[in-house]
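J.: Quick one: sequence and predicted model below, then my questions.
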Amino acid sequence: MNLLRRALALTALPAILLGAWWIASDGSTSFYFPPLREILAEFGETWTADRWAADVLPSVARLGAGYGASCLLGVGLGLLIGRTTWLMHLAEPVLEFARAVPPPVLVPVIMLFAGIGDTMKTAVIVSGCVWPILLNTIAGVRSADAVQLDTAAAFGLGRTRTLVSVVVPAASPRIVTGMRQALAVGVILMVISEMFAAQSGLGFAIVQFQRSYAIPAMWSGILLLGCLGVALAALFTLFDRAVLHWYHRMRERSA
Amino acid sequence: MSRNDDRSPAGTRPAEARSGPDRPQARRRRHPRPRPRPASPRRTPLLLGAAGVAAALAIGQILPHTGLVDPDYTPTTGAVAAALADDLVRSEFWRALADTLTAWALGLAIAVAAGAVLGILIGSLPFVRAATASTVEFLRPIPSVALVPLAVLLFGTRLPSTLLLVVYAAFWQVLVQVLAGVRDIDPVAADTARSFRLSPWERLRHLAWPTALPYLMTGVRLAATVALVLAITAELVIGSPGLGHEIAVAQSSGATERMYALIWVAGGLGVLVNLAVRAVERGALGWHPSVRSEATA
Amino acid sequence: MLEADGIGKDYRVDGAVNTAIDSLTFQVAEGELVCIVGPSGCGKTTLLRICAGLLAPTRGVAKVDGREVDGPPADTAVVFQEYGRSLFPWMRVGANVDLPLRRLGLTRAERRERVAEALGLVDLAGRERAWPWQLSGGMQQRVAIARAVAYRPRLLLMDEPFAAVDAQTRAELEDLIRDLWHRLGVTVVFITHDIDESVYLGQRVLVLSSSPTRMQAEIHIGLGEDRDQLATRSSPEFAKLRGAVWKEIQAAKKGGGE
């Protein structure tokens, strides 16, 4: 019963909104706002298996590669900087600046270096995703509890074991926060790097539709992009629950 | 992991000094007998930070000469600074800066107003809140750049194009925080308000609004950063007037130095926005007993 | 076993030198249970951290087994006051107890056995799969004690371990420490601000003076080996010792300057 109600509450409004869109747009003759019926019909026609293989999957693969590299780089550097006080003081202002640069403006820079290939698009994603992860990892490491570190030292845990068993788990809530922010940035950069200059990809396809005034197809692309964002956010929530289940349950208890 | 700075534990963090010698901050030390260091604990981080900036600038100056990177693509720090100086006396630069800041401020204002009003309305009505929760979670992760083609179709390369993206992205930051704030209303305070028969308007004015205000400020802080990123992004991708557009022009016309100079400006703007909103947040919440952390919802 | 030879510690606060510990000299013999008591803020924790090798003294040396302490010594375990922060919330109880054992070169089965045994000794048998934050404060501190016990240290340093638990639990934990000390033959240094606790637990009580910290007095506790929360605490002998320690602490506060 409870489950049913929750499922209903979860889906009711999205369903109503979609329904409202459907009805309101049904008789639409506006060029820019075609009926939802038409968009959905177009969706099936546009996003065929070929298109998935040519545009969607390569986009997602580049996002995965860039995001994965950012996680490794951000967490690795973050641990190093967070554990080294002088290095942290040295790097802090530079990192604050780097984070404040809107990531998309790096697209033209990286285009200079890497051309317009896969490398460029992946590098763009890394250049934007790495900062939230790096800065959150540093903050997480710095906030590791003094008593926990004392405990590790008192029992003679070595550097590696302290890092793996104490520092990383202590920083993990912040690291995951950074990774969540980075994921949103990554999706944006994936699209932009393709919009800017590319011959394939989801962003490229959507811009193509817009330029050729294939409006229902463009809308279906926007819809697909939205679904991708939602799906990635949902996947990330699963990841979060799995990695930080101890943290969430601890907080539930103390609440 | 050089945590052996136990010679100056209190100086680097004033808060620690008050806890007395019974709780020193120093942790594990690895060298048997660390020598006493010269006592300048408070200035050390600042000096190191300045050194870090200087080192970054110096590397930027030297690197192009080493042949490790292509000097055509990476001008020296000096060349970029010169290009920046050139730009600072040109009216186009200031117009672009003004355009960007206009889009940022206008978009932020719309997003904050809409987010605050809707957030308090939705949050105050439990039924609506439950029903909209999933929708908010559904709409929020939709990347704002998905709206780029729509913006271009509707408004072309004018200011409203930029605004559409800025408002969409910043709105969610505000809304989510305000919703968390309204949820945080103390049930005892709510019961008190009801028992004194405060009208709905009074309850809103004296209960919901003060409780949600710190969260709203957090939302504004997050939204301000996002709004700037989106403003410059929109200009870059769509071509609406502003710094982002200037960067795109500099890149396509081969004015590499100018492109880097404008990127510096964009980063500097980001830093300024961060500092400004933090200062405003502190000022607005001076009365508040606790510093709120961001709602994770 | 443990030797403090003229230990002193200064802190620099805004350029001014603040002497936390002036000079402390004492010995703890193998197998002894010594309580160190002193007014709050007298540098007890600083002293323990120096003995545990977590902090370098400004003057003097601490020695364990005749070797100078220049890092956490082997065979030494520490139980901190803040059980909630010294247990790792991302590990289950069993993993918390197991963590220090992993570098001892034991087999998996040996480790599991030690963990089970240690948890049994603190009355938490079979709770390996629980999370620390699911347990009450007293139980969490027992897990921390089990972690120290499983490590089989020869020297056990305890820093006000029961300061944050309720009175009932505290009495139980005090008896647990006496019991473990008897059974395991470990040397225990127990730091507390509670006079009754120091008299009830210790064979010997060292009283520290406050700011700057010096050794105020050393009192032998001739209460015999079998102690009981009710009988021992109501005995005239206990009252006399308690009074003696109390007097020394009052003198320490006056003599301490401030």
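T.: Yep, it's here.
J.: alpha carbons only for contacts and neighbour counts from here, please
T.: Noted.
J.: quick one: low-confidence parts of the stretch 151-255 of chain A?
T.: Scanning the stretch 151-255 of chain A with the threshold set as pLDDT under 70 gives A:197-198, A:255.
J.: Kindly report the residues of it close to chain B.
T.: Contact residues (C-alpha under 8 Å from any C-alpha of the partner chain) of the stretch 151-255 of chain A with chain B: A:153, A:184, A:187-188, A:191-192, A:195-196, A:206-207, A:210, A:218, A:222, A:225-230, A:233.
J.: Please flag which of those residues sit within helices.
T.: Among these, the members found in helices (DSSP state H) are A:153, A:184, A:187-188, A:191-192, A:195-196, A:206-207, A:210, A:218, A:222, A:225-230, A:233.
J.: which residue packs closest to B:A98, ignoring adjacent ones?
T.: In space, and not counting its chain neighbours, B:A98 is closest to B:G242: 7.4 Å by C-alpha to C-alpha, 6 or more residues apart in numbering or on different chains.
J.: For C:M1, see how far away C:V149 is.
T.: 18 Å (C-alpha to C-alpha, to the nearest Å).
J.: Quote the end-to-end distance of stretch C:154-168.
T.: Note: stretch C:154-168 ends 29 Å apart using C-alpha to C-alpha.
J.: Give me the contact list for that stretch.
T.: Here stretch C:154-168 makes contact (C-alpha atoms under 8 Å, 6 or more residues apart in numbering or on different chains) with C:1, C:45, C:48, C:52, C:75-83, C:137-138, C:141, C:148, C:170, C:173, C:186-193.
J.: how about the strands of the stretch 1-150 of chain C, start to end?
T.: C:2-13, C:16-28, C:33-37, C:59-64, C:67-68, C:76-79 (DSSP state E, counting those that start in this stretch).
J.: out of those strands, nearest to B:L175?
T.: The closest of the strands of the stretch 1-150 of chain C to B:L175 is strand C:2-13. By C-alpha to C-alpha, the value is 44.9 Å.
J.: Tell me the helices and strands packed up against that closest one.
T.: For strand C:2-13, the elements it packs on are helix B:9-12, strand C:16-28, strand C:59-64, judged by 3 or more C-alpha pairs under 8 Å, 6 or more residues apart in numbering or on different chains; DSSP states H and E.
J.: Could you provide these in JSON lines, with additional columns for mean pLDDT, distance to chain A and mean neighbour count?
T.: JSON lines is the format used below for the helices and strands packed on strand C:2-13 (pLDDT from 0 to 100; distance: least, C-alpha to the nearest C-alpha, whole Å; neighbours: other C-alpha atoms under 10 Å in any protein chain shown):
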{"stretch": "helix B:9-12", "mean pLDDT": "34", "distance to chain A": "11", "mean neighbour count": "22"}
{"stretch": "strand C:16-28", "mean pLDDT": "87", "distance to chain A": "19", "mean neighbour count": "17"}
{"stretch": "strand C:59-64", "mean pLDDT": "91", "distance to chain A": "14", "mean neighbour count": "20"}
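J.: Please convert those to a markdown table, extending it with distance to A:V130.
T.: Shown next, in a markdown table, are the helices and strands packed on strand C:2-13 (distance: least, C-alpha to C-alpha, whole Å):
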| stretch | distance to A:V130 |
| --- | --- |
| helix B:9-12 | 29 |
| strand C:16-28 | 42 |
| strand C:59-64 | 46 |
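J.: Just confirm A:T137 contacts A:P173, I think it does.
T.: No. Using C-alpha atoms under 8 Å, A:T137 is not in contact with A:P173; the gap is 9.2 Å.
J.: and these two? which has more neighbours close in?
T.: A:T137 (31 against 19; other C-alpha atoms under 10 Å in any protein chain shown).
J.: can you tell me the helix or strand for the more buried one?
T.: helix A:118-142 (DSSP states H and E).
J.: Output the contacting helices and strands for that helix.
T.: Looks like helix A:118-142 contacts helix A:57-83, helix A:85-100, helix A:106-114, helix A:168-196 (3+ C-alpha pairs under 8 Å, 6+ apart).
J.: Of the ones you listed, which stretch is the most buried?
T.: Comparing the helices and strands packed on helix A:118-142 by mean neighbour count (mean count of other C-alpha atoms under 10 Å in any protein chain shown), helix A:168-196 ranks first with a mean of 23.
J.: what does the model give residue 40 for pLDDT?
T.: All of this is about chain A. You'll see A:L40 listed with a pLDDT of 83.
J.: Chain B was what I was after
T.: 48.
J.: Same question for the one 5 residues further on.
T.: The predicted local confidence for B:P45 comes out at a pLDDT of 77.
J.: what does C:L55 give?
T.: Looking at C:L55, its pLDDT is 89.
J.: So for the residue in the stretch 1-150 of chain A that chain C sits nearest to, what's the nearest residue that isn't a sequence neighbour?
T.: Closest contact between the stretch 1-150 of chain A and chain C, by C-alpha to the nearest C-alpha, is at A:Q148 (4.8 Å). Nearest residue to A:Q148, sequence neighbours excluded (C-alpha to C-alpha, 6+ apart): C:S86, at 4.8 Å.
J.: Please report how far that neighbour lies from C:A144.
T.: 8 Å.
J.: More neighbours: which of those two?
T.: More crowded of C:S86 and C:A144, by other C-alpha under 10 Å: C:A144, with 29 against 22.
J.: So which residue is smack in the middle of the chain?
T.: Picking chain A for this. Central residue of chain A (C-alpha atoms, centre = their mean): A:L183, 1.3 Å from the mean position.
J.: was after chain C, sorry
T.: C:M158 (1.6 Å).
J.: Identify the residues contacting the residue nearest to A:Q148.
T.: A:147-148, A:151, C:80, C:144.
J.: near chain A, which residues of the stretch 101-250 of chain C?
T.: Counting by C-alpha under 8 Å from any C-alpha, the stretch 101-250 of chain C sits next to chain A at C:103, C:133.
J.: Under the pLDDT cut-off, which ranges of the stretch 151-258 of chain C? List them.
T.: C:211, C:255-258.
J.: now the strands for it?
T.: Counting by DSSP E, counting those that start in this stretch, the strands of the stretch 151-258 of chain C are C:155-159, C:187-192, C:204-208, C:213-220.
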